[in-house]
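**Student:** using only what follows, build the 3D model:
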Amino acid sequence: MPVILVIGSLDTKGDEIKFLTEQIQKMGCRALVMDIGMGRESPTGIDVPNSDVAKAGGSDISQVVSSHDRKQITEVMIRGAIAKARELFISNGADAVLGIGGTTGTIMSTRVMQELPF
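**Tutor:** Numbering: from 1, shown residues only. Now for the predicted structure:
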């Protein structure tokens, strides 16, 4: 079964990500969700929670959530998302990637896509 990595901010695009994962599943694929949200900690049960992304980016999700330096925390989350996505693709844990977001989420997810080994 193909696995599609869905990258997005659950704090702002949760409903849209839920819709996408449902559609992916209807197509016979598995959706693997990576939360790159910076507004609050991921809900439980997320495949790649934002706490893991922040850690891979060299920070802690509590620092990200409480920070007022949007540029700095965006870069932390991009670094972490790149690292986590690379791990998934190198280990054959994902076959494709889909990003969803507004301005910041789109910038973040496309930066991740640019670093993947295709």
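**Student:** where's Phe118 relative to Ala94, distance?
**Tutor:** Separation of Phe118 from Ala94 (CB to CB, to the nearest Å): 11 Å. No exception for glycine: its C-beta is placed from N, CA and C like everyone else's.
**Student:** looking at the two, which is more packed in?
**Tutor:** Neighbours were counted for Phe118 and for Ala94 using other CB atoms under 10 Å; Ala94 has more, 21 against 6.
**Student:** can I take it that that one is in a helix?
**Tutor:** No - Ala94: not assigned to a helix; according to DSSP: H, G, I helix; E, B strand; the rest coil it is coil.
**Student:** hmm, it is touching Ile7, no?
**Tutor:** No - assessed by CB atoms under 8 Å, Ala94 is found out of contact with Ile7, at 10.4 Å.
**Student:** hey, what's in contact with both of those two?
**Tutor:** Shared contacts of Ala94 and Ile7 (CB atoms under 8 Å, 6 or more residues apart in numbering): Ala85.
**Student:** the helices in this protein, which residues?
**Tutor:** Secondary structure of the chain (DSSP state H): helices at 10-26, 50-56, 61-66, 70-90, 103-114.
**Student:** average pLDDT across the second one?
**Tutor:** The average pLDDT for helix 50-56 rounds to 98.
**Student:** go on, the longest one?
**Tutor:** When pLDDT is averaged over helix 70-90, the result is 96.
**Student:** give the other helices and strands that that helix contacts.
**Tutor:** strand 3-8, strand 30-35, helix 50-56, helix 61-66, helix 103-114 (3 or more CB pairs under 8 Å, 6 or more residues apart in numbering; DSSP states H and E).
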